[in-house]
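Undergrad: Show me how the following folds:
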Amino acid sequence: MVGQKLSHYRILEQIGAGGMGTVYRAHDERLDRDVALKVLAQNLAADREFAARFRREARTLSKLNHPNIATVYDSDAGPVTTRPSRIFRRVRRCAASRRAAFR
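TA: Sure, this is the predicted structure:
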């Protein structure tokens, strides 16, 4: 998906992957900011119940405001035929040594 666009999000690089899906660094071309875009895995997207749960979860997460929870900006950015997705505030990692300095 790197190099493709999903709605107004240009996918720049893959930054993570797991059992639920893949996370990409993407650029929101409307608001000129980098975001994290999570796309549900193809096998799970085919399961209607799981895809519905993924969407419900996005709605729930969007209502939360906590420093340890990434803010949800958007959901299902592409056309209906694409896999369910979530767009989060991109949080940059810091080195463990820097985190330890804040304790």
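Undergrad: dump the residue contacts of the nearest residue to residue 89 once chain neighbours are set aside.
TA: Nearest residue to residue 89, sequence neighbours excluded (C-beta to C-beta, 6 or more residues apart in numbering): residue 71, at 4.2 Å. In short, each C-beta sits where N, CA and C put it, glycine included. Counting by C-beta atoms under 8 Å, 6 or more residues apart in numbering, residue 71 touches 65, 88, 89.
Undergrad: which one of these sits closest to residue 9?
TA: residue 88 (11.5 Å; C-beta to C-beta).
Undergrad: Show me what the closest one is bridged to.
TA: Bridge pairing for residue 88 (DSSP bridges) gives the partners residue 36, residue 72.
Undergrad: measure it to residue 65 for me?
TA: 13 Å (C-beta to C-beta, to the nearest Å).
Undergrad: Give me the more crowded residue out of the two.
TA: residue 88 (19 against 7; other C-beta atoms under 10 Å).
Undergrad: Next one: the more buried one from residue 33, what distance?
TA: 12 Å.
Undergrad: so where do the strands sit in the chain?
TA: 5-6, 9-17, 21-28, 33-40, 72-75, 85-89 (DSSP state E).
Undergrad: Show me the one of these that comes nearest residue 56.
TA: strand 72-75 (10.2 Å).
Undergrad: Now residue 75. Nearest residue, chain neighbours left out?
TA: residue 58 (4.1 Å).
Undergrad: Tally up the residues packed near the nearest residue to residue 2 once chain neighbours are set aside, please.
TA: Nearest non-adjacent residue to residue 2, counting by C-beta to C-beta, 6+ apart: residue 11, 5.5 Å away. Neighbourhood size, residue 11 [other C-beta under 10 Å]: 18.
Undergrad: Any idea which helix or strand in the chain has the lowest mean pLDDT?
TA: helix 96-101 (a mean of 46; mean pLDDT, DSSP states H and E).
Undergrad: Distance-wise, check residue 20 relative to residue 91.
TA: 18 Å.
Undergrad: Same drill for the two, tell me which one is more crowded.
TA: Ranked by neighbour count (other C-beta under 10 Å), residue 20 and residue 91 place residue 20 first, with 13 against 10.
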